[in-house]
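Asker: Provided below are the primary sequence and the corresponding predicted coordinates.
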2 protein chains.
Amino acid sequence: MSIPAEAFFLTPGFNGTLQHEIQQMVAEGILRGRFRAGEKLPSSRRLARHLGVSRITVTLAYTELVSGDYLTARGRSGYYVSETAPTQPDFKMDDRPRQDNVNWERVVGRRFSRHEAPAKPQNWHEFPFPFIYGQVDVSLFDHQNWRQCALRALGKRDFEVLTDDFYERDDPMLIEYIMRSILPRRGISARPEEIILTMGAQNALWLTAQVLIGSGRKTAVENPCYPGLRAILDQLGTEVTPVDVDAEGLPPDALPAGVEVVFTTASHHCPTNATMPIARRSALLERAGREDFLVIEDDYEFEMSFLKSAVPALKSLDRGGRVIYVGSFSKSLFPGLRLGYLVASEAFVREVRALRAAMLRHPPGHIQRTVAYFLSLGHYDALINRLGQAYKRRRTVMDEAISAHGLAIAGQGAFGGSSFWMRAPESVDTDLLAARLRSRGVLIEPGRVFFAPGTAPRNYYRLAYSSIPQNRIPEGIGIIAETIAESGPSQAA
Amino acid sequence: MSIPAEAFFLTPGFNGTLQHEIQQMVAEGILRGRFRAGEKLPSSRRLARHLGVSRITVTLAYTELVSGDYLTARGRSGYYVSETAPTQPDFKMDDRPRQDNVNWERVVGRRFSRHEAPAKPQNWHEFPFPFIYGQVDVSLFDHQNWRQCALRALGKRDFEVLTDDFYERDDPMLIEYIMRSILPRRGISARPEEIILTMGAQNALWLTAQVLIGSGRKTAVENPCYPGLRAILDQLGTEVTPVDVDAEGLPPDALPAGVEVVFTTASHHCPTNATMPIARRSALLERAGREDFLVIEDDYEFEMSFLKSAVPALKSLDRGGRVIYVGSFSKSLFPGLRLGYLVASEAFVREVRALRAAMLRHPPGHIQRTVAYFLSLGHYDALINRLGQAYKRRRTVMDEAISAHGLAIAGQGAFGGSSFWMRAPESVDTDLLAARLRSRGVLIEPGRVFFAPGTAPRNYYRLAYSSIPQNRIPEGIGIIAETIAESGPSQAA
C-alpha cells in the first residue's frame, strides 16, 4: 500500500526547518500507527511538489528517517516504512471520568504553596521599558562563545562528563576554575573539598538551611531581604528574626541574643544595595566567634563592581570556619543556567553533598563542563568586563533621568550593581503603581515582597537596568514619574 | 614593553585545540596581572615559530582575544594588551593558618551523610567487563542527533528558553511532548497541570517524600528496594516498613495496617525485575481506595520492553487520583541529564511546584528544550528501538553464558529490562566477591544495599548488560563463575 502525499501538510508557524517538519510528520505518523510497516512513502519528487518545498529537503528528511530506522530505502523503488520501525504500545485509553477521591488538604504533610509568585510577567521581553532585575539582556550576553563552549562540551571527548551519573561528585575541571579564577576575585582561598556546586544560589541557600536549621534554630535575616530566602525559611517553619538594615547593611549589635544562624548579603545588600564596611564585618565575625553562631554570606552580585573595586568577601576574613559562602553564575552568565556554589568547612560541605545526592545527585554534567570551558578561555572575565561597561553607562543615564524627574533614590550601592532601590512618596502603594505602569509598558518591582510580613512600608520599589536598553531609560523614568504624580494624591485623598 | 615569546609554552595533554590553549594562556596572563595594559604581544610569526604551531592558529587566537577586549590590534604594529582588558581584583590573600572553631557535630541540625555511596567506581569505563547498571553505552547512544538538538536549543530563537529564570514554570514544549508521546506509551492521559519536571527520578521521589511524609507518615517500601529511595526516607526519619516482594512484586495483602504511603516499582521491580500482574495491581488500588492510602509508582525503566509489550502503568488504572507517577529520562537518554517528571493530581503537583521553586526553581531551560527537540524529531523513539534491539541480543548472550556456567538467576523480567538479579551460593558474600572481581576487571553490583538493614542476605548480586559490549559477555560471565567457585567453599569453611 502507498501513503498518499496528501496525508502530509505543513503547519504555519512550525518552530524549525522544513526538513525537521517533514521528519517529524513521518515519525509521528509511524509512531501513532497511521503508517504501517511495509507501506510505501510518496516519492521525494511527488511530496516536494505537494508541499511546495525543494526535493532535496524531502530527500534529506527521508535519509534521516532511514538512519533512525523509521524508513528503509529499497534501491530505485523508493522508501518504505521499516519492518522494525519504532512503535508505541497501543493501549486502549480508559476514558471513564476520573474523580479525585483524595483529601489533599489532609494528606499533604507540609504546605509549600503559600508564597506569592514573583511579580515578573513571563513575557517581560515584550515590554518596551523592562526595569526588571536578574534577567539577561540578549544584546550583552556573549551568545556566540557560550554556544561554542557548549558545543565543545557536547563532543565525543567529553562524552562521560555529559552522560554519566556522578552521584556525589562535581566536574573537577569546573571546581578547579572556581578555585583559581573566581574565588580569588573575592579574596577567598579554598580547597576542592570545601566547594560544592548547586542548582543556583537559591538551591545553595536551601541546602544550607536544611542542613543547619532542619530541626529548628534561632535564625536572623536582614529586613528587607531576598524573598527567595524568606520562602525557604517559612517552609522550614523555624523561628526567624528580621533585623532592620541601615545604610551600612546589617548592624551586628541588633542581632537577637542567642542567635544561631545569620543570613547576610554583606557586600551588596538585597535590595537596598548597601555595602557593609570592613569595621562592621570584623565586628560581625567577632561576635559570631564569641557567641558561636554561623554566618551565611550570599554574595549574589559581586561581579558587577564597575565603579570601584569590590571589598573582599566576608568569607575572606573568616579565620574560624564560621562563614558559609554562597556564589552564583545567575547574574554573570544567566539565571536559566541554574548553577551556583557553596564554599565552607569540609565537615559542612560533606553533609550538603549527602543531602544533594539524595535530592538530585548533581547539577547536569554538560552545564558544568560548558561553564568550565567558558571560564578557561577567558570569556567569563571578558563578559563581566563588557557587562560592567554597559551597566556603568546605563547607570549614569538612570541617575540623570531620576534626578531630572525628581524621583527619590533610597539605595544605590557604591560599587556598581544593576539596580536602584527607590522610595516613592508615602502615599503611594507601589503594588498599585506597578500595575498601572504595566499597562503603560513599564515594568518595575514593588518593594513589599522584600519586607517581613507586617513590617512592610508600601512605598518602595526597585528599578534595575540590567535588561533595559540604554536609550529607553529616560522615557521609562519619565513615565514612572508621571504615573507617581498622578497616583499619589488620589490615593492619599 | 614587549612580552617575549618565551613567556608562553604548551602543556602536554591540554584538553582542547592549540588555538584554545594560546587564547587561554594569554587571557590568564592578563587576568593574573602578569601581562599589563599597553604591553605588546609577540608577533604571530614569532610566537608561532616559538611554539611550533602554524601562524594562522596564533592569528585566530589573537583575533578572539581582541573580540573579548583582552587585546587591541594597532594596525601594522601588532597586538597590545587592551587598556580596558578584564582584570581580577588583586586582594592580598590572608594566609594566616585558619582553624575551624565550629563544632559541626553539634551545629548540623540533621545528619545526611550516613549512607554508603554506590559501589560504582568513577573509572568504570576502563574496566573490560562492566556489568554495571544505569549508565550509557557510548556505542549505542545517538550522540550525533543529541548534539544537533542541543545545538538547535542553543540558537538565537530559543535564547529566552536558554537564559530566563522560569521560577515555577516548565518548558511548555517539553510538557506537550511528554503528554503526547511518552505518557500514552504507559496508557496514561494527563493535563499539563498534572505534570511537573524534576531533576531525575531521584529528585521526583525526594520531592514526593517531602510533600507527603514531611511531618511523618506510616510508609511502606518494597524489600529489596532501590537504595536511593531508602536514603531519602532515612533522612526524613519517618517510620518505614519494608515489605518482602515475591515473584509478582509487592503483595498488597502484606502491607501493614494503617499504612498511608506506599512506594512501588510495579512494572519492573527494582532490583528483582518482577512485574506485578494486572490482578494484583487492581487489588492494590482497591485496597488503597478502601483504606485511603497513596501509591507512588516509580516506572523507572518502562522503555526497555523489547521482549513483549509492557503492561500499562498502575497510574493508567487509577480512577481516584491515588497514584503518583514517577518517570525518568535517565535510562532512555542518560543519567547525567538529570531529567525526570511527576504525574499526579493537580493539588499535589501544586505543592511540589512550590517546593521545587524554593529549592532550585526549575531544571535548566536548555536541557528541557533539547529533550523536547529530541522527542519531536522522533530520535527518542528511534533510540529506544535501537537500545531494545541491542539489549535483546545481549540478553540472549547473557542467558546462554549464565546457563553454560551454571550460575543461578533469581529474577529476570518478562518484558526486557537491562539486568539480571542473581543468586550466588549461600556461602558467598557478594561484597567480597565484587571486590575480587574488580581486581580481575569485572564490575558487578553486590545485592546487600538493596535490602532493608538487618534483613539482607549476602549472596545476591545484579548483572546489567546495558553498558557491556556483547562480545565481552561470555568471558566476563566465565570469570564470575570461576571466582564464585574459588571463593565459595573457602568462605563456607
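Answerer: Received it, and whenever you're ready, just let me know what you need.
Asker: how close does the residue in the stretch 351-493 of chain A that chain B sits nearest to get to residue B:71?
Answerer: Across the stretch 351-493 of chain A, the shortest distance to chain B (C-beta to the nearest C-beta) belongs to residue A:378, at 2.7 Å. Glycine gets a C-beta too; all of them are placed from N, C-alpha and C. For residue A:378, the distance to residue B:71 equals 11 Å [C-beta to C-beta, to the nearest Å].
Asker: Looking at those two, which is more packed in?
Answerer: Per other C-beta atoms under 10 Å in any protein chain shown, whichever of residue A:378 and residue B:71 has more neighbours is residue A:378, with 28 against 25.
Asker: which stretch of helix or strand covers the closest residue to that one other than its chain neighbours?
Answerer: Of all residues not flanking residue A:378 in the chain, residue B:27 sits nearest, at 2.7 Å (C-beta to C-beta, 6 or more residues apart in numbering or on different chains). Using DSSP states H and E, residue B:27 falls within helix B:18-31.
Asker: care to break chain A down by domain?
Answerer: A:5-81, A:124-134+A:382-492, A:143-377 (automatic domain parsing).
Asker: Reformat these as TSV; add mean pLDDT.
Answerer: Formatted as TSV, the domains of chain A follow (pLDDT from 0 to 100):
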stretch	mean pLDDT
domain A:5-81	90
domain A:124-134+A:382-492	92
domain A:143-377	92
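Asker: Pick the most buried one from these.
Answerer: Among the domains of chain A, domain A:143-377 has the highest mean neighbour count (mean count of other C-beta atoms under 10 Å in any protein chain shown), at a mean of 21.
Asker: Just the terminal-to-terminal distance for that domain.
Answerer: 14 Å (C-alpha to C-alpha, to the nearest Å).
Asker: Need the single longest helix in chain A, by residues.
Answerer: Taking DSSP state H as the criterion, chain A has its longest helix at helix A:379-404.
Asker: re the thing from before, now tell me what touches the helix holding residue B:27 from outside.
Answerer: Contacts to helix B:18-31, defined as C-beta atoms under 8 Å, 6 or more residues apart in numbering or on different chains, come from residues A:181, A:376-378, A:381-382, B:3, B:7-8, B:10-11, B:14, B:16, B:35, B:41, B:47, B:51, B:53, B:57-58, B:60-62, B:64-65, B:68, B:70-71, B:81, B:85-88.
Asker: Could you pull up the residues touching residue A:229?
Answerer: A:205, A:221, A:263, A:298.
Asker: For chain B, state which of the residues you listed is nearest.
Answerer: Using C-beta to the nearest C-beta, the contacts of residue A:229 come closest to chain B at residue A:205, 9.1 Å.
Asker: That closest one and residue A:296 touch, don't they?
Answerer: Yes - between residue A:205 and residue A:296 there is a contact under C-beta atoms under 8 Å: 7.2 Å.
Asker: Give me the common contacts of the two.
Answerer: With C-beta under 8 Å, 6+ apart as the test, residue A:205 and residue A:296 both reach A:263, A:326.
Asker: Correct me if wrong: residue A:480 contacts residue A:436.
Answerer: No - Residue A:480 sits out of contact with residue A:436 when judged by C-beta under 8 Å, with a separation of 10.0 Å.
Asker: Over to residue A:350: give its phi and psi.
Answerer: Note on residue A:350: backbone dihedrals following degrees, to the nearest 10 are phi -60, psi -40.
Asker: If you drop the residues flanking it in sequence, what lies closest to it?
Answerer: Nearest non-adjacent residue to residue A:350 (C-beta to C-beta, 6+ apart): residue B:113, at 5.4 Å.
Asker: How about the contacts made by the one you found?
Answerer: So residue B:113 contacts A:350, A:351, A:353, A:354 (C-beta under 8 Å, 6+ apart).
Asker: Narrow the residues you listed to those in helices?
Answerer: Short answer: the contacts of residue B:113 in helices (DSSP H) are A:350, A:351, A:353, A:354.
Asker: Any chance of those in a markdown table with distance to residue A:75 as columns?
Answerer: Shown next, in a markdown table, are the ones in helices among the contacts of residue B:113 (distance: C-beta to C-beta, whole Å):
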| residue | distance to residue A:75 |
| --- | --- |
| A:350 | 63 |
| A:351 | 65 |
| A:353 | 58 |
| A:354 | 60 |
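Asker: Considering those, which is situated nearest to residue A:198?
Answerer: Ranked by distance to residue A:198 (C-beta to C-beta), the ones in helices among the contacts of residue B:113 are led by residue A:353 at 10.5 Å.
Asker: correct me, but that closest one touches residue A:168?
Answerer: Yes - contact criterion C-beta under 8 Å: residue A:353 and residue A:168 qualify, at 5.1 Å.
Asker: The next helix or strand after the helix holding residue B:27 - contacts with which helices or strands?
Answerer: Per DSSP H and E, the first helix or strand lying C-terminal to helix B:18-31 is helix B:44-51. On a contact count with 3 or more C-beta pairs under 8 Å, 6 or more residues apart in numbering or on different chains; DSSP states H and E, helix B:44-51 meets helix B:18-31, helix B:55-67.
Asker: Tell me what angle the shortest one forms with helix B:44-51.
Answerer: Compare the direction of helix B:55-67 with that of helix B:44-51 by axes from the mean of the first three to the mean of the last three C-alpha atoms, to 10 degrees and you get 120 degrees.
Asker: Kindly report the same for the first one.
Answerer: Counting by the same axes, to 10 degrees, helix B:18-31 lies at 100 degrees to helix B:44-51.
Asker: where's helix B:18-31 relative to the chain centroid, distance-wise?
Answerer: How far helix B:18-31 lies from its chain's middle: 34 Å, per C-alpha atoms, centre = their mean, to the nearest Å.
Asker: residue ranges for the helices of the stretch 201-350 of chain A, please.
Answerer: Secondary structure of the stretch 201-350 of chain A (DSSP state H, counting those that start in this stretch): helices at A:227-236, A:278-291, A:346-359.
Asker: among those helices, which is nearest residue B:149?
Answerer: helix A:346-359 (27.3 Å).
Asker: C-terminal to that closest one, what's the next element?
Answerer: helix A:365-376.
Asker: Pull the residues that contact that following helix.
Answerer: A:145-146, A:149-150, A:152-154, A:158, A:161-164, A:166, A:170-171, A:173-174, A:176-178, A:181-182, A:197, A:329, A:333, A:337-339, A:380, B:16, B:20, B:24, B:150, B:336-337, B:364, B:366-367.
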